[in-house]
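J.: need a 3D model of the sequence below.
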Amino acid sequence: LPMEIWQEYKISSYNWGYSNSTPAQNYYLLREVVRKNTPKLVVLDISGLVEYENLGNGKYRRDSIMSSHVVFDRFPFSIDKVRAVYDLFDDYDDRIDFLWDFIIYHNRWAGLTKEDLGDINLNPERGAKSLTGISHAAMDLIPQDETIEGIEDYTCYRYFVKTLEFCESRHIPVLVVCLPHIMDETSMRVSNTVGDTVARYEGCEYYNMLYEGLLAYSIDTNTEIGRASCRERV
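T.: Predicted coordinates for the structure are as follows:
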């Protein structure tokens, strides 16, 4: 939450994360951000390094194309955007939509009303989004100390490495984090593995927050997510 970071520590930041993004997409997003900004620090979450491997080509979520449009429609047209689109969506027949977005939006012109144009929802949270709700508690998270074999074969892991290499070449420090949340056993093994990768790059550090006691998983997280990811503590 950038506004909370500013209030508590007077650090100016922006949250470039968005729903259903992948590390492959975030690599190109960061390249676009750095075209006009030179951040003093990039904070990079490891979520998604292995989760999307069996979803299409592993670089984007086929079940959430519009989430990708939320970001890529805002990229100015450039050779970098062309490279990103043809790389990320190489198995998507309608990938040209990401270069010429009027193809998918032009048929709405006739149906737009004054109400569509008048109520603009401006987000004052500098890229973050606060969500609240009530749900049943999840089960406890069972810590795992094993690592994962063959992580270098995962598609998004390779883009994670490219992100670290890109930041190192620009002398931009990176703080890689594993934020505490409900995850399956494979993802927990990933959190125990990436530290060795991060240590290879100058100016990069890794902080695994999963087992720091920051969340009481059986109280603070949602049952619907937790049932698929955790086992009951005996």
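J.: skip the chain neighbours and tell me the closest residue to Q144.
T.: Distance criterion Cβ to Cβ, 6 or more residues apart in numbering; nearest residue to Q144, sequence neighbours excluded, is M188 at 4.1 Å. The way it works is simple: take the backbone N, C-alpha and C, and place the C-beta from them, glycine included.
J.: hmm, P180 and the one you found touching each other?
T.: No. The criterion here is Cβ atoms under 8 Å, and M188 misses it with P180 at 11.2 Å.
J.: quickly list what's touching both of these two.
T.: When contacts are counted by Cβ atoms under 8 Å, 6 or more residues apart in numbering, M188 and P180 have L210 as shared neighbours.
J.: those two - which one has more neighbours?
T.: Neighbours were counted for M188 and for P180 using other Cβ atoms under 10 Å; M188 has more, 22 against 18.
J.: then that one would be within a helix, right?
T.: Yes. Per DSSP: H, G, I helix; E, B strand; the rest coil, M188 lies within a helix segment.
J.: who touches it in this structure?
T.: P143, Q144, L210.
J.: cool, and Y28?
T.: D80, A84, D87, L88.
J.: tell me the pLDDT at it?
T.: Per-residue pLDDT puts Y28 at 96.
J.: which element, helix or strand, includes it?
T.: Assessed by DSSP states H and E, Y28 sits inside helix 23-34.
J.: and for V176?
T.: Going by DSSP H and E, V176 is in strand 174-178.
J.: excluding chain neighbours, give the residue nearest to G127 in space.
T.: N15 (3.5 Å).
J.: close enough to count as contact, that neighbour and P2?
T.: Yes. The criterion here is Cβ under 8 Å, and N15 meets it with P2 at 5.6 Å.
J.: pull up the overlap in contacts between these two.
T.: Common neighbours of N15 and P2 (Cβ under 8 Å, 6+ apart) are E125, R126, G127, A128.
J.: quickly note the distance from the last one to T22.
T.: Taking Cβ to Cβ, to the nearest Å as the criterion, A128 is separated from T22 by 19 Å.
J.: the more surrounded of these two?
T.: Set side by side, A128 and T22 show unequal neighbour counts under other Cβ under 10 Å, the larger going to T22 at 23 against 16.
J.: which residues in this protein form strands?
T.: 42-45, 174-178, 204-208 (DSSP state E).
J.: point out the most buried one among those.
T.: strand 174-178 (a mean of 20; mean count of other Cβ atoms under 10 Å).
J.: which residues make contact with it from outside it?
T.: So strand 174-178 is contacted by 41-47, 163-164, 167, 191, 194, 198, 201, 203-210 (Cβ under 8 Å, 6+ apart).
J.: please redo it, this time with the cut-off set to 7 Å
T.: With contact meaning Cβ atoms under 7 Å, 6 or more residues apart in numbering, strand 174-178 is reached by 41-46, 164, 167, 191, 194, 198, 203-210.
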